[in-house]
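Asks: Sequence and predicted structure are below.
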Amino acid sequence: MSRVRQPPLVTGISPNEGAPWTKVTIRGENLGTGPADLIGLSICGHNCLLTAEWMSASKIVCRVGPAKDNKGQIIVCTKSGGPGTSTVSFKVLKPERIGILDQSAVWVDEMNYYDMRTDRNKGISPLSLRPANPLGIDIDKGKVPHKDLEGMFPGMSGDFTSENFSATWYLIENHSSTSFEHLRTAAGHLKKQATQKNEGSLAYVKGGLSTFFEAQDALSAIHQKLESDGTEKVEGSMTQSLENILNRASDTADALFQEVLGRKDRADSTRNALNVLQRFKFLFNLPLNIERNIHKGEYDVVINDYEKAKSLFGNTEVPVFKKVYEEVETRIGALRSLLLGKLLETPSTLHDQKRYIRYLSDLHASGDPAWQCISAQHQWILQLMQNARDQQEGEARTVVSRLNFRRGSSFQNPKDDSWPGGGPQQLQFVERLTDVVISQLPNFWKLWISYVNGSLFSETGEKSGQVEKSKKNARQRQSDFKRMIEEVVQRLVLLLRGCLLPTSLPEIQLRLYGGWDNTPPFSGAHLTQAIHTIRLCHEALSALEIPNDLLQVIQDMLLELRVHCLLTTLQHTTEGVKRLADKEDWIVDNEGITSVPAQFEQCVVQMLQSLKEPLECKPNEINILQLEAIQDQASELFVRIMKVFIGCLEELSMKTEGDLETSHISSDLGSPDLFCNTYEDFKPTPEQRLLIILSNCHYLEKHTFLNLAHHLETHGFTGTEHILSVSIEAVRKLDAGVFESYIELKADPIVGSLEPGIYAGYFDWKDCLPPTGVRSFLKEALVNIITVHAEVFSISKELVPRVCSRIIEAVAEEMSRLMQCVSSFSKNGALQARLEISALSDAISVYLTSESRGSFKQALEPLPQLHSGADKKLLEELLNKFKSSMHLQLSCFTPASSHPVKR
């Protein structure tokens with residue numbers, strides 16, 4: 001690219017006035033770096049470039065053409081500096097021309113009206129030599145429309161050379177605003193011209209009359225002299241002698257000047273040849289200039305020179321010009337081949353492609369270079385997509401080989417099993433493939449649009465009809481280009497399906513576009529990232545205004561990929577939930593909840609957040625959660641996740657002490673109760689594990705499941721009621737089973753100790769001493785119940801009423817059975833039985849239920865009623881004594897002790 005120079009400045013011209021075709025010398029500054037740099041020269045508005053001869057950067061020689069303006073500036077334009085300015089002006093002199101039919105008393109050379117711009121003679125009508133202004137005053141064009149004049153003077157004309165000339169039309173058209181005085185002057189001018197024309201012949205005769213008389217006198221004198229000598233009458237007269245003398249003188253002169261004239265002729269020939277070379281040096285130097293400019297890459301200069309030579313010498317019949325022009329055509333043909341090769345080279349920018357197409361169009365290359373470029377670019381995009389797949393396969397084989405080698409070695413590093421680039425091989429391929437499409441297809445589409453609207457061609461192409469031809473070709477090849485775009489998009493979708501959705505391809509296509517069997521499985525998070533990448537690719541293609549029907553296959557694949565991502569994520573979440581059982585640390589908070597329910601909720605919430613991208617509906621996309629089949633599958637998978645977690649809890653409840661690692665169970669209570677202790681380095685007993693599971697089940701039903709249902713609805717999932725009902729039913733079933741297992745472990749020993757305790761020491765209800773207080777068996781039973789209460793209270797205060805009430809129901813039912821089995825009671829026996837039943841029911845009254853109250857009532861029915869006031873008083877005294885002695889132990893059964901501890 002040439003360096004920018006200052007614009008040309010003309011400071012002088014010699015001579016500064018003259019007639020048309022006067023040779024002038026122009027001087028100034030920055031008048032160009034060479035003949036090729038000079039691209040424009042005008043004097044008084046006339047283009048003088050064809051006659052210009054560049055001498056130096058400060059001097060140009062040319063001839064002034066028939067300028068329209070009488071006086072004007074000299075403007076020089078160069079490629080390096082652009083259009084210039086002038087500080088001087090030139091005046092074109094227009095002498096009065098003597099017409100070919102006018103008479104003249106002096107010799108006038110015949111003028112050959114020769115047009116130097118086209119090298120053709122033009123015949124000029126004698127009427128065109130008449131003055132353009134017959135009135136001799138300034139013309140002032142009026143504002144009357146030409147159509148109105150035609151209507152006013154039908155069949156007439158304002159042209160004074162026409163047979164239907166109308167003077168009124170002429171005056172209205174050219175002198176509508178001219179003053180009356182000027183019109184009077186014009187009338188006098190017309191009269192003067194008419195008088196001069198009428199007197200022209202007479203004046204001609206008068207002017208040459210003396211010459212005629214002198215010639216007549218000379219001829220008469222010669223005639224008289226010859227007659228007086230008498231030599232005209234004999235042979236060898238003076239006339240003959242003069243003729244002979246003149247002939248000899250002519251021969252002698254010819255002999256003397258033959259050599260001189262020969263040298264003159266040869267000099268004239270040489271001079272003419274040099275003039276031809278000088279005048280047409282542009283053509284003779286053009287082949288060499290073409291080669292130089294091609295090496296420099298200045299194709300615009302070559303094209304401009306070629307167009308100039310073609311306009312001047314394209315149809316020449318001069319042999320030497322024809323030979324040089326054929327050489328120019330040969331060089332231009334080589335340039336066409338060079339430019340076509342550069343056009344079809346890949347990779348190439350859109351700017352270079354348009355530039356080469358424009359060059360080939362200006363050079364009138366055969367065929368359709370623009371379509372050839374489009375076809376080459378199409379094949380290049382397909383090749384890049386195939387290269388991306390081949391490259392990824394090569395990297396995959398390399399990594400697999402490296403992993404196999406390291407697995408076989410004794411020195412293994414787990415960190416070395418990752419794929420290069422920090423992501424799965426499939427994800428890297430998706431990004432690489434979409435990058436190819438995003439980087440190449442937009443330029444490919446823009447090239448087609450430029451081809452359709454004709455913007456690939458320069459002004460020369462527009463003038464030569466290349467634009468219309470291009471538009472016509474584009475209309476004919478529109479279906480072909482559509483197939484190209486469709487092939488690229490289809491290839492993209494097939495490669496992506498082979499990588500991400502291999503099961504969606506037939507066996508034949510899977511062999512061509514699959515091959516990912518040896519790669520690790522694709523996780524939901526990676527599928528989400530792949531969806532994001534493909535969506536960006538689709539948005540980039542949509543922004544190009546590519547028809548939606550061509551991009552529909554991408555939309556269809558995205559729909560399947562979003563569904564696949566949803567189902568895969570749910571399945572992987574199921575696997576992750578299964579591993580939550582291994583994360584149970586058995587550390588409970590003040591509500592008796594371990595970290596597992598929170599971990600489960602967090603796992604599901606994170607899963608839903610990771611599905612935000614696949615579930616989101618972009619423009620023209622379908623909401624996959626509105627598809628009935630997808631709703632059913634998602635609901636079943638969510639139910640499965642819930643059941644899997646409940647299964648984890650069940651698994652934890654059935655673990656033995658040998659299955660547990662060292663754990664820490666903490667009862668984080670701030671109450672100073674007797675049974676509030678912190679146990680460190682303690683393995684939870686099976687009973688404690690059951691209580692923890694019960695507490696977790698209760699928390700799941702009341703909080704976790706409801707929270708998850710809310711999250712599901714927030715993310716657009718339907719069928720949450722079904723998921724919630726099934727989950728609650730399953731957790732209740734587990735809760736019931738675990739609760740029965742715990743009650744069985746705790747209630748059976750207490751119930752089993754009642755009957756042996758009652759009949760200890762061969763106690764007989766028929767024969768016993770008067771009661772002195774509550775016997776030990778009942779106190780032991782209460783202590784056992786208090787122990788259970790303390791164990792439950794240390795895990796979860798909310799479970800205390802439920803567990804204690806159930807154990808007391810079992811105890812009350814056993815007491816009722818034992819009392820009904822007694823055949824008869826003595827007075828003392830009945831009083832003892834009533835004392836123990838009342839003491840038991842009063843001690844645990846806070847946890848009595850309708851069943852336990854009914855059982856205690858049934859236990860009292862076999863006993864005889866107390867009628868004696870002394871017996872009633874004794875019973876009351878003994879009950880008060882029992883409550884007083886057991887006050888500290890029985891304080892755990894008061895309602896205040898069951899309130900949750902506030903932190």
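Replies: On my side now, so go ahead. Residues are numbered from 1 along each chain as shown.
Asks: Every contact and neighbour count from this point should use C-alpha atoms.
Replies: OK.
Asks: chain center to the one helix or strand Ile357 maps to: distance?
Replies: Using DSSP states H and E, Ile357 falls within helix 350-362. Mean-position distance between helix 350-362 and its chain equals 24 Å (CA atoms, centre = their mean, to the nearest Å).
Asks: what about Ala167, distance to Lys264?
Replies: 59 Å (CA to CA, to the nearest Å).
Asks: I should have written Ile837 there, sorry.
Replies: Ile837 is 164 Å from Lys264, by CA to CA.
Asks: which parts of the helix holding Ile357 are buried?
Replies: For helix 350-362, burial by neighbour count (16 or more other CA atoms under 10 Å) applies to 353-362.
Asks: Name the nearest of those relative to Trp516.
Replies: The nearest member of the buried residues of helix 350-362 to Trp516, counting by CA to CA, is Gln353 at 37.4 Å.
Asks: can you pull the contacts of the closest one?
Replies: 343, 373 (CA atoms under 8 Å, 6 or more residues apart in numbering).
Asks: try it again with 6 Å
Replies: Leu343 (CA atoms under 6 Å, 6 or more residues apart in numbering).
Asks: pLDDT value on it, please?
Replies: For Gln353, the model assigns a pLDDT of 85.
Asks: circling back to that earlier point, as TSV, the buried residues of helix 350-362 with distance to Leu447 would be great.
Replies: Listed next are the buried residues of helix 350-362 as TSV, based on distance: CA to CA, whole Å:
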residue	distance to Leu447
Gln353	8
Lys354	8
Arg355	11
Tyr356	12
Ile357	11
Arg358	12
Tyr359	15
Leu360	16
Ser361	15
Asp362	18
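Asks: Can you give the distance of the longest helix anywhere in the chain from its chain's centre?
Replies: Longest helix in the chain by number of residues (criterion: DSSP state H): helix 238-279. From the chain centre to the centre of helix 238-279 is a distance of 84 Å (CA atoms, centre = their mean).
Asks: so how far is Leu860 from the residue nearest to Pro864 when sequence neighbours are not counted?
Replies: With sequence-adjacent residues excluded and distances taken as CA to CA, 6 or more residues apart in numbering, Pro864 is closest to Ala830, at 6.5 Å. As for Ala830, its distance to Leu860 is 9 Å (criterion: CA to CA).
Asks: Also Leu492?
Replies: From Leu492 to Leu860 the distance is 87 Å (CA to CA).
Asks: How about the contacts made by Ile290?
Replies: Contacts of Ile290 (CA under 6 Å, 6+ apart): Val302.
Asks: Against Leu708, how distant is it?
Replies: From Ile290 to Leu708 the distance is 79 Å (CA to CA).
Asks: What is the burial count for Gly757?
Replies: Counted with other CA atoms under 10 Å, residues neighbouring Gly757 total 16.
Asks: can you give me the mean pLDDT across the helix or strand harbouring it?
Replies: Here Gly757 sits within helix 720-758, counting by DSSP H and E. For helix 720-758, mean pLDDT rounds to 87.
Asks: per-residue confidence for the closest residue to Gln599 other than its chain neighbours?
Replies: The shortest distance from Gln599 to any non-neighbouring residue, by CA to CA, 6+ apart, is to Leu580 (7.7 Å). Here the pLDDT value assigned to Leu580 is 83.
Asks: Which of the residues in stretch 40-50 are classified as buried?
Replies: Residues of stretch 40-50 classed as buried by neighbour count (16+ other CA under 10 Å): 40-49.
Asks: how far away is Lys342 from Glu393?
Replies: 32 Å.
Asks: Actually, Asp764.
Replies: With CA to CA as the criterion, Asp764 and Glu393 are 92 Å apart.
Asks: What of Glu214?
Replies: Distance of Glu214 to Glu393, given as CA to CA: 116 Å.
Asks: cool, Gln820 as well?
Replies: Here Gln820 is placed at a distance of 85 Å from Glu393 (CA to CA).
Asks: So what does the residue nearest to Gly498 when sequence neighbours are not counted look like in phi/psi?
Replies: With sequence-adjacent residues excluded and distances taken as CA to CA, 6+ apart, Gly498 is closest to Gly514, at 4.2 Å. Backbone torsions of Gly514, given as degrees, to the nearest 10, read phi -90, psi -130.
Asks: same deal with Thr25?
Replies: phi -120, psi 120.
Asks: Any idea what it is bridged to?
Replies: Ser14, Val61 (DSSP bridges).
Asks: Can you tell me the SS state at Thr11?
Replies: Three-state assignment for Thr11 (DSSP: H, G, I helix; E, B strand; the rest coil): strand.
Asks: The nearest residue to it once chain neighbours are set aside: neighbouring residues, count only.
Replies: In space, and not counting its chain neighbours, Thr11 is closest to Gly28: 4.8 Å by CA to CA, 6+ apart. Neighbourhood size, Gly28 [other CA under 10 Å]: 19.
Asks: give the contact list for Gly28.
Replies: Counting by CA under 6 Å, 6+ apart, Gly28 has contacts 9-11, 58.
Asks: show me where pLDDT drops low in the stretch 801-903 of the chain?
Replies: Applying pLDDT under 70 to the stretch 801-903 of the chain flags residues 895-903.
Asks: can you map out the strands along it?
Replies: Applying DSSP state E, counting those that start in this stretch to the stretch 801-903 of the chain gives no strands.
Asks: and if you look at the chain?
Replies: 9-14, 17-18, 23-29, 38-43, 46-47, 53-56, 59-63, 71-78, 82-83, 85-86, 89-92, 114-115, 120-121 (DSSP state E).
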